[in-house]
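A.B. asks: What would the 3D arrangement of this be:
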Amino acid sequence: MSRFAVSLSVAKPGRTGLVRVLYAARYSWQGFKAAWTHEAAFRQESVLALLLLPLSFFVAADEVELVLLWLTLGLVLLMELLNSAIEAVVDRVGEEFHPLSGRAKDIGSATVFLALTLMVLVWAMIAAKNWPLL
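C.D. replies: Numbering: from 1, shown residues only. Here you go, the predicted model:
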């Protein structure tokens, strides 16, 4: 048996069951708090999502469109959280310029830009379909 196969068969030590889920929820909440505290873009996109959520009920014609609108808002927040995590790790490694650090940050930024672009397109298409005079 190879070392790789052996390492896959060994269980990760630590908490299990409901205790593990509770700790994971606590760590996730700490992540949300850290993003809110330290990331202006996350705060701005969170506020945007909170403002657009009620509007989605007027833009969508049915439940499927409503879910699509909500998913795009969630996608933006997910990408911003990932981008913030990448930036934190890169900054932890060092403040000096390195091409790979710049590339990692730029790619993270691109994910947020793509998510925002998709959000705008989906919202615009659904709004145009349901409100043709706008």
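
A.B. asks: what's the spacing between the most centrally placed residue in the chain and Ala115?
C.D. replies: Geometric centre of the chain, nearest residue: Leu78, 0.7 Å, by CA atoms, centre = their mean. Note on Leu78: its distance to Ala115, by CB to CB, to the nearest Å, is 7 Å. To be clear about C-beta, it is placed using only N, CA and C from the backbone, and glycine gets the same treatment.

A.B. asks: Return the set of buried residues in stretch 93-103.
C.D. replies: The neighbour-count check on stretch 93-103 (16 or more other CB atoms under 10 Å) flags Ser101 as buried.

A.B. asks: Can you give me the end-to-end span of that stretch?
C.D. replies: 14 Å (CA to CA, to the nearest Å).

A.B. asks: pLDDT of that stretch, averaged?
C.D. replies: For stretch 93-103, mean pLDDT is 90.

A.B. asks: Any idea how far it is from the middle of the chain?
C.D. replies: 23 Å (CA atoms, centre = their mean, to the nearest Å).

A.B. asks: Helix or strand next in line after the host helix or strand of Leu82, which one?
C.D. replies: Using DSSP states H and E, Leu82 sits within helix 63-93. Per DSSP H and E, the first helix or strand lying C-terminal to helix 63-93 is helix 99-130.
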